[in-house]
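*Asks:* turn this into a structure:
(2 chains)
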Amino acid sequence: MTGTSIVRTHGLTKHYGATVALRDLDLEVERGEVFGYLGPNGAGKTTTLRLLMGLLRPTSGAAEVDGLDAWHDSVEVRRRVGYLSGEPALYPKLTGAQHVDFLGHLRGTDGRLAAKRFAERLDLDLGRPSRELSKGNRQKLALVLALMSLPDLLVLDEPTGGLDPLAQQEFQAIVRETTGEGRSVLLSSHVLSEVQRVADRVGVLREGRLIAVDRLATLRERSLHHIRATFADAVEPLTFAGVPGVRDLQVHDHSMSCSAPETALDAVIKEVGRHTVLDFECAEAELEETFLAYYEKEAVHAP
Amino acid sequence: MLRSVFAKTAYDQRRSLLGWVAAIVLLVLMYAGIWPSIRDQPSMSDFLNTMPEAFRSLFASSGADMSTPVGYIQIEFMSFIGPTLVIVYAVAQGSRAVAGEEDRRTMDLLLAEPVSRSRLLLEKATAMVAGTVVLTATLGLALVVEGQLFDMVIPVDRIGAAMLHLALLGLVFGAIALAIGAVTGDVGLSRAVPAGIAVVGYLVNGLGPMVSWLEPLQRYSPFFQYIGHDPLRTGVSGPAAAVAAATVLVLVALAVVGFRRRDVHG
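*Replies:* The predicted model follows:
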């Protein structure tokens, strides 16, 4: 088994005083995959990534990157990793090119050419001091700095925050190329839509616990939709209750509301179609709701 | 230019250091310019003698004579303004080194690269030492050159000795700031603690000779290592310099140990 995972944590736990930020995390990221690390703000995503970077010391348990301990062998780990922090800070007076130059020297590899290419793709001017850049452009620069050494593993904390749609698309293309070259990506987000185009697998964190790890395709099938319909005539609750997967069903003579996973949508709509419809609404639920509905019980019942 | 953490830290300092150097050159010029009129006014010494002893002891260490260049510079410059300048500079650098970098969140940028925390801290400490040396060397040079212009002649080796002790004094407090910043990551604390210790150390050294219960404590004050042996007149004191240098080394070592063990604030 050794060698197949680029990231592996065992019972990784982090306390800040009395607050438990992360409990007993067992996470594996395989080589060549994009792992989307999801969860609401404050769930412990940033804590996990900072533990991997050796910026935080685990309270218990351990994290390994490429078989190296993230705390004790941190320097060697960082040689293999490109990191984008959650709220990236830059040196206000230094230009993009000076950042590239300085951090390249610290790493001992010349990242100038790669940085120039990434900057062009993201439409970023490396010649301006970072204090003159907009928030989106600062994010681009921080991203370029993480990417430029072409590391084995990219650890990106909320990478698309503040990026315009065009830059987001380019970023997704870069991520796909990265894994095409056999390198790996671990990226965090609090919204599924940011990772769904690129992630192979997704892990969901809630209140410091990993409540689910699944292939993205499976997750999509399970993604909950809120459905609301108003009819010309009164309807029987039983007709909808019979559809497999439907939950939270409420029928009040002329109207119906329920939640259903993507896989049940077809059956629900066909059932709706048997009546005269005045109004119809269907929207994807927040990711968190999907997880609360399907995964949390499993996590609680797990031995 | 930006080849290492040391080079980057030095590069960051270049403008502020230039400002400090200009300020020192002007300040010394002012003191040297006043010297001829002080020298020709013997009553200045009489005036000093009428001051309360405690006051004289605080500001005019070890009975200096205002009618000689050495005594004048000792009283007017080396006893208060000089140390204040160098300590403020070194503490700012020491505090900025780790705590400041964390406070601005740029520590994450540095520690994303394969550079050990010890190395990072040692390069920052070296930059602080280099900046302090530049500052005190400029001060020494200004005293020699500008002193010549106004006939305020002090032997060069004595000025060198005083500057060495002054640099060490600044570095002791800079190292306290560095260590507190490295252990706690707190910028405010890393400035407040050395400032507090400096005030206490200054008073203990100044009042030690007169207050019996303070006297045994006097030799522990960094100001005693700095000026207790009167370097402008007697030159370098090996033991005093060694005590100060050892203090700096111990503090830097503590900083490394503390910084290696803790979480970096994000």
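*Asks:* return the lengthiest strand in chain A as CSV; C-alpha atoms alone will do.
*Replies:* Scanning chain A for the longest strand, with DSSP state E as the assignment, gives strand A:5-16. Only the C-alpha atoms of strand A:5-16 are listed here, as CSV (Å, rounded to 0.1, in the frame of the first residue of the first chain):
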residue,chain,number,x,y,z
SER,A,5,-0.9,7.7,-1.4
ILE,A,6,0.7,11.1,-1.6
VAL,A,7,-1.1,12.3,1.6
ARG,A,8,-2.0,10.1,4.5
THR,A,9,-3.1,11.1,7.9
HIS,A,10,-3.7,8.8,10.9
GLY,A,11,-5.9,10.0,13.8
LEU,A,12,-4.8,13.5,13.1
THR,A,13,-6.1,15.7,15.9
LYS,A,14,-5.6,19.4,16.6
HIS,A,15,-6.8,21.3,19.7
TYR,A,16,-6.6,25.0,20.3
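*Asks:* can you point out the buried residues in that strand?
*Replies:* Taking 16 or more other CB atoms under 10 Å in any protein chain shown as the neighbour-count basis, strand A:5-16 is seen to contain the buried residues A:5-9, A:12-14. All C-beta spots, glycine's among them, are computed from the backbone N, C-alpha and C.
*Asks:* of all those, which comes closest to chain B?
*Replies:* When these are compared for distance to chain B (CB to the nearest CB), A:Lys14 wins out at 8.8 Å.
*Asks:* that closest one: what's it in contact with?
*Replies:* Taking CB atoms under 8 Å, 6 or more residues apart in numbering or on different chains as the contact definition, A:Lys14 lies against A:20-22, A:44, A:47, A:51, A:56, A:58-59.
*Asks:* correct me, but B:Glu102 touches B:Ala182?
*Replies:* No: checked against CB atoms under 8 Å, the pair B:Glu102 and B:Ala182 is beyond contact range at 9.6 Å.
*Asks:* neighbour count winner among those two?
*Replies:* Summary of the neighbour comparison: B:Glu102 and B:Ala182, criterion other CB atoms under 10 Å in any protein chain shown, with B:Ala182 having more neighbours (29 against 24).
*Asks:* quick one: the more buried one and chain A, what's the gap?
*Replies:* 15 Å (CB to the nearest CB, to the nearest Å).
*Asks:* correct me, but that residue touches B:Leu120?
*Replies:* No: with contacts defined as CB under 8 Å, B:Ala182 does not count as touching B:Leu120, sitting 9.9 Å away.
*Asks:* how confident was the prediction at residue 47?
*Replies:* The chain I'm using is chain A. Looking at A:Thr47, its pLDDT stands at 97.
*Asks:* that's the wrong chain, I wanted chain B
*Replies:* If you check B:Phe47, the pLDDT there is 72.
*Asks:* cool, and the one 3 residues further on?
*Replies:* At B:Thr50, the pLDDT value in this model is 75.
*Asks:* for B:Arg56, see how far away it is.
*Replies:* 10 Å (CB to CB, to the nearest Å).
*Asks:* SS state for A:Gly82?
*Replies:* When states are read from DSSP: H, G, I helix; E, B strand; the rest coil, the local structure at A:Gly82 comes out as strand.
*Asks:* where do the helices sit along the stretch 151-266 of chain B?
*Replies:* Along the stretch 151-266 of chain B, the stretches classed as helices by DSSP state H, counting those that start in this stretch are B:156-184, B:187-207, B:215-218, B:222-227, B:231-234, B:238-261.
*Asks:* can you tell me which residues in the stretch 1-150 of chain A are near chain B?
*Replies:* With CB under 8 Å from any CB of the partner chain as the criterion, the stretch 1-150 of chain A comes near chain B at residues A:46, A:50, A:53-57, A:74-76, A:78-79, A:81-83, A:85-91, A:93-94, A:98, A:101-103, A:105-108, A:145-146.
*Asks:* which ChimeraX command selects the buried ones in those?
*Replies:* ChimeraX command restricting these to the buried ones, with burial defined by 16+ other CB under 10 Å:
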select /A:46,50,53,54,55,56,57,74,75,76,78,79,81,82,83,85,86,88,89,90,91,94,98,101,102,103,105,106,107,145,146
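*Asks:* so which of the residues of the stretch 1-150 of chain A next to chain B belong to strands?
*Replies:* Assignment to strands by DSSP E places the following of the residues of the stretch 1-150 of chain A next to chain B there: A:81-83.
*Asks:* on that earlier part again, turn the buried residues of strand A:5-16 into a markdown table, including distance to B:Thr106 and pLDDT.
*Replies:* Converted to a markdown table, these look like this (distance: CB to CB, whole Å; pLDDT from 0 to 100):
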| residue | distance to B:Thr106 | pLDDT |
| --- | --- | --- |
| A:Ser5 | 31 | 93 |
| A:Ile6 | 27 | 96 |
| A:Val7 | 25 | 97 |
| A:Arg8 | 30 | 97 |
| A:Thr9 | 27 | 97 |
| A:Leu12 | 26 | 97 |
| A:Thr13 | 28 | 97 |
| A:Lys14 | 23 | 97 |
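*Asks:* can you list the domains in chain A?
*Replies:* If you go by the TED database, the domain ranges for chain A are A:5-219, A:224-284.
*Asks:* rank those by pLDDT, which is bottom?
*Replies:* Comparing these by mean pLDDT, the weakest confidence falls on domain A:224-284, with a mean of 90.
*Asks:* identify the residues contacting A:Glu207.
*Replies:* With CB under 8 Å, 6+ apart as the criterion, the residues that contact A:Glu207 are A:43-44.
*Asks:* ugh, typo on my part, it should be B:Ile176
*Replies:* Contact analysis of B:Ile176 by CB under 8 Å, 6+ apart lists B:91, B:94, B:193-194, B:197, B:251.
*Asks:* among the residues you listed, which one lies nearest to chain A?
*Replies:* Nearest to chain A out of these is B:Gly94 (CB to the nearest CB; 19.4 Å).
*Asks:* and A:Leu25, what does it touch?
*Replies:* Contact analysis of A:Leu25 by CB under 8 Å, 6+ apart lists A:9, A:11-13, A:44, A:48, A:61, A:209-210.
*Asks:* my error: substitute B:Gly19 in the last question.
*Replies:* Taking CB under 8 Å, 6+ apart, we find B:Gly19 in contact with no residue.
*Asks:* quick one: buried residues of whichever strand or helix holds it?
*Replies:* Under DSSP states H and E, the secondary-structure element containing B:Gly19 is helix B:5-39. For helix B:5-39, burial by neighbour count (16+ other CB under 10 Å) applies to B:5-6, B:8-13, B:17, B:20-21, B:24-25, B:27-28, B:31-32, B:35, B:38-39.
*Asks:* ok, and which of those reach chain A?
*Replies:* Among the buried residues of helix B:5-39, the residues that sit close to chain A (CB under 8 Å from any CB) are B:5, B:8, B:12.
*Asks:* sweet, I'm off.
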